[in-house]
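Chemist: curious how this folds, go ahead:
(one chain, ligands or ions: 2)
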Amino acid sequence: MAGAPPVIIWEREVESLLHYKELIPRLEEALGKFSSRDSAEVIQPVRSTVPLQKHNGFLGLMPTYMENDGVLSTKLVCFYNRGAGSTLPSVSATVLLLDPESGHMKAVMDGEVITSMRTAGASAISAKLLMRPGAEVLAILGTGQQALSHYNAFTEMLSFKEVRVWNHRREGAEKFCRSVGGPVTVCGSVEEAVRGADVIVTVTRSTEPVLCGRWVKPGAHVAAVGACRPDWRELDDSLMKEAVVYADSREGAMAESGDVILSGVEVFAELGDVINGIKPAYREKTTVFKSLGMGVEDAVAANLVYKQWKAKAYKL
Ligand SMILES: NC(=O)C1=CN([C@@H]2O[C@H](COP(=O)(O)OP(=O)(O)OC[C@H]3O[C@@H](n4cnc5c(N)ncnc54)[C@H](O)[C@@H]3O)[C@@H](O)[C@H]2O)C=CC1
Ligand SMILES: O=C(O)C1=NCCCC1
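Modeler: Residues are numbered from 1 along each chain as shown. Ligands and ions are numbered 1, 2, ... in the order given. Next comes the predicted model:
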């Protein structure tokens, strides 16, 4: 017999229900559970991807099951390498939350806010674990959706004296500065933005390296979020070879990250290994966190949204 229809929780509502201070601890716990490779904690295959050649994009399917937590979800995410003139978003996503016992669909949610916030949340965790103590300067390369969520997460959860941004189109960087709450310096080149920076976030749609190792201060931490295809790059070989490389998922990085595959470097550890105390955090060395995005991050974010939605709907 069919159950109640799924609730639909769309963009504005997800935005009002999801907050970094609740999301980030759950993400940290989920990254640790993923890296424990305990199938009762997390089952999450590497993303299946279907090319949408005509539209210069991809459909990614990201199912996840957390048996101990009773969470079953899948995200459907389309991502595109849009031309400069397009007004369509680069990432479009929906998250489905199911009851693992019956298979009944509990909720259908907008996945764009979830994708923006959980990605920025994971990067903020990487910075918390891997940046040098006393880090003062944050540089963000790219000024789209992910740049905004990273700015919000990093300035809310960490503390920087200076934030710099660069975009390949200066007007994009100026618009970004007007849209954020705090002071940001627009830089005319990547080199100007990253020289002396302690933490660098790369959130561009570039398919070629934009960040060169020779500009990066030794000991800086880089959260590399774009370039999520095996032949796309954001970081050059010199940076990849100089840095200790961490990833959200080792298998994901080896299947999908051009920066890892084409530079030929080893992934030293998953972020979850550091959280679990299995691998060290080399804070004093140059570190790269290669983020590909994981279903388990969407699962915990969607479960949190659903719980908050229920609490609000039933005034718990
Ligand atoms: N690791 C993860 O979990 C996730 C990764 N992504 C990836 O992050 C990147 C950014 O995503 P969004 O902010 O949603 O995209 P967006 O389209 O909102 O922003 C992209 C930014 O890159 C700039 N850009 C475009 N072409 C460029 C080029 N050739 N060189 C340098 N900059 C360029 C744009 O001007 C814009 O500032 C994309 O590659 C996306 O696929 C997105 C979601 C999750
Ligand atoms: O994890 C995700 O969601 C995405 N990862 C890489 C590309 C865009 C979406």
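
Chemist: residue contacts, the closest residue to Ile24 other than its chain neighbours?
Modeler: Using CB to CB, 6 or more residues apart in numbering and skipping the chain neighbours, the partner closest in space to Ile24 is Gly121 (4.8 Å). From N, CA and C alone the C-beta is placed, and that goes for glycine too. Contact criterion CB atoms under 8 Å, 6 or more residues apart in numbering gives Tyr20, Leu23, Ile24, Leu27, Ala153, Glu297 as the residues in contact with Gly121.

Chemist: which helix or strand contains whichever residue of the stretch 51-200 of the chain sits closest to ligand 2?
Modeler: When you check the stretch 51-200 of the chain against ligand 2 by CB to the nearest ligand atom, the closest residue turns out to be Phe79, at 3.8 Å. Under the criterion of DSSP states H and E, Phe79 resides in strand 71-80.

Chemist: so is that strand next to ligand 1?
Modeler: Yes: using CB under 6 Å from any ligand atom as the criterion, contacts between strand 71-80 and ligand 1 involve Phe79.

Chemist: all helices of the stretch 51-200 of the chain, in order?
Modeler: When secondary structure is read from DSSP state H, counting those that start in this stretch, the stretch 51-200 of the chain shows helices at 112-130, 145-157, 170-179, 190-194.

Chemist: tell me the most buried of those?
Modeler: Each of the helices of the stretch 51-200 of the chain was assessed for mean neighbour count using mean count of other CB atoms under 10 Å. The highest is helix 112-130, with a mean of 25.

Chemist: that one versus helix 145-157: what angle between them?
Modeler: Put simply, helix 112-130 runs at 50 degrees to helix 145-157, going by axes from the mean of the first three to the mean of the last three CA atoms, to 10 degrees.

Chemist: please compute how far helix 112-130 lies from its chain's middle.
Modeler: On the basis of CA atoms, centre = their mean, to the nearest Å, the separation between the geometric centre of helix 112-130 and that of its chain is 5 Å.

Chemist: double-check that Leu31 belongs to a helix.
Modeler: Yes: judged by DSSP: H, G, I helix; E, B strand; the rest coil, Leu31 forms part of a helix.

Chemist: now the nearest residue to it once chain neighbours are set aside: which helix or strand?
Modeler: The shortest distance from Leu31 to any residue other than its chain neighbours is 4.2 Å, reached at Gly272 (CB to CB, 6+ apart). Per DSSP H and E: Gly272 is located in helix 271-275.

Chemist: name the residue of the stretch 101-250 of the chain that lies nearest to ligand 1.
Modeler: Residue nearest to ligand 1 within the stretch 101-250 of the chain: Gly144 (1.9 Å; CB to the nearest ligand atom).

Chemist: any idea how far Gly277 is from the residue nearest to Glu208 when sequence neighbours are not counted?
Modeler: Setting aside the residues directly before and after it, Glu208 is nearest to Arg233 in space (CB to CB, 6+ apart), at 5.7 Å. To Gly277, Arg233 is 32 Å away according to CB to CB, to the nearest Å.

Chemist: those two: which has the busier surroundings?
Modeler: Set side by side, Arg233 and Gly277 give different neighbour counts by other CB atoms under 10 Å, the larger being at Arg233 (23 against 9).

Chemist: touching, the residue of the stretch 101-250 of the chain closest to ligand 1 and Ser86? I think so.
Modeler: No: if you go by CB atoms under 8 Å, Gly144 and Ser86 don't touch, sitting 11.9 Å apart.

Chemist: so between the two, which is more surrounded?
Modeler: The residue with more neighbours, out of Gly144 and Ser86 and counting by other CB under 10 Å, is Gly144; that gives 18 against 11.

Chemist: so what does that one have for phi and psi?
Modeler: Backbone torsions for Gly144, taken as degrees, to the nearest 10, come to phi -100, psi -150.

Chemist: let's have the chain start at 395 instead
Modeler: I'll keep to 395 as the first residue from here, and by that count the last item is Gly538.

Chemist: who are the contact partners of it?
Modeler: Contacts for Gly538 were tallied using CB under 8 Å, 6+ apart; they are Ser484, Gly566, Val597, Thr598, Arg599.

Chemist: state the mean pLDDT of the helix holding Gly666.
Modeler: Computed over helix 665-669, the mean pLDDT rounds to 98.

Chemist: can that helix be found next to ligand 1?
Modeler: No: residues of helix 665-669 are not located near ligand 1 by CB under 6 Å from any ligand atom, the shortest gap being 12.3 Å.
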